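# No letters, just coordinates:
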C-alpha cells in the first residue's frame with residue numbers, strides 16, 4: 001500500500017502562488033501514475049494534473065499555463081506549483097496514485113487506488 005500526505009495549502013490572495021507537496025511512503029511513486037485532484041465546495045472532485053513515467057503531465061484546461069506538476073523521485077514526493085491563482089481555484093486538493101494513467105473526456109480520471117487526505121487552498125481577498 002501507499003500512504004500519501006499533502007501539505008502546502010493556505011489562504012492566498014488572487015494572483016498569488018502556492019506550492020503543494022505530496023509525500024508518499026510505503027511504495028515508490030514511480031510504480032504508479034500520479035495525479036492531483038481538487039474538490040470545490042458543492043462540486044464534484046475533478047482532475048487537475050496527472051502523469052506517469054512515460055506520459056504527461058496532463059493538465060485540466062482551467063489550469064493550463066498556470067499550474068505545473070513535478071516529482072522528486074529521490075524524495076518520493078510530487079508537487080503542484082500553482083501560479084496566478086484565481087478564486088475559482090479554491091477547494092480541497094488531493095494527491096492520488098493509481099496503477100494506470102487513465103484520461104477521460106474530462107481529463108485525468110478520478111478513479112484512483114490511493115488518496116491523500118487533502119489540503120485546503122482558499123483563494124480570496
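Yep, that arrived. All of these numbers come straight from a predicted model, not from anything done at the bench.

# Excluding chain neighbours, what is closest to the residue nearest the centre of the chain?
Geometric centre of the chain, nearest residue: residue 36, 1.8 Å, by C-alpha atoms, centre = their mean. The shortest distance from residue 36 to any non-neighbouring residue, by C-beta to C-beta, 6 or more residues apart in numbering, is to residue 48 (4.3 Å). Using the backbone N, CA and C atoms, a C-beta is placed for each residue, glycine as well.

# what about this protein, any weak spots by pLDDT?
Nowhere does the chain drop to pLDDT under 70.

# Confirm for me that residue 101 is in contact with residue 53.
No - with contact defined as C-beta atoms under 8 Å, residue 101 does not reach residue 53; the gap is 9.1 Å.

# The two - which one has more neighbours?
residue 101 (19 against 14; other C-beta atoms under 10 Å).

# The nearest residue to that one once chain neighbours are set aside: what's it in contact with?
Nearest non-adjacent residue to residue 101, counting by C-beta to C-beta, 6+ apart: residue 33, 3.7 Å away. Counting by C-beta atoms under 8 Å, 6 or more residues apart in numbering, residue 33 touches 50, 51, 52, 97, 98, 99, 100, 101, 102.

# Just list whatever residues bridge to the residue nearest to the centre of the chain.
Judged by DSSP bridges, the bridge partners of residue 36 are residue 49, residue 95.

# From residue 8, how far off is it?
11 Å (C-beta to C-beta, to the nearest Å).

# Same check on residue 49?
In this view, residue 49 and residue 8 are 15 Å apart by C-beta to C-beta.
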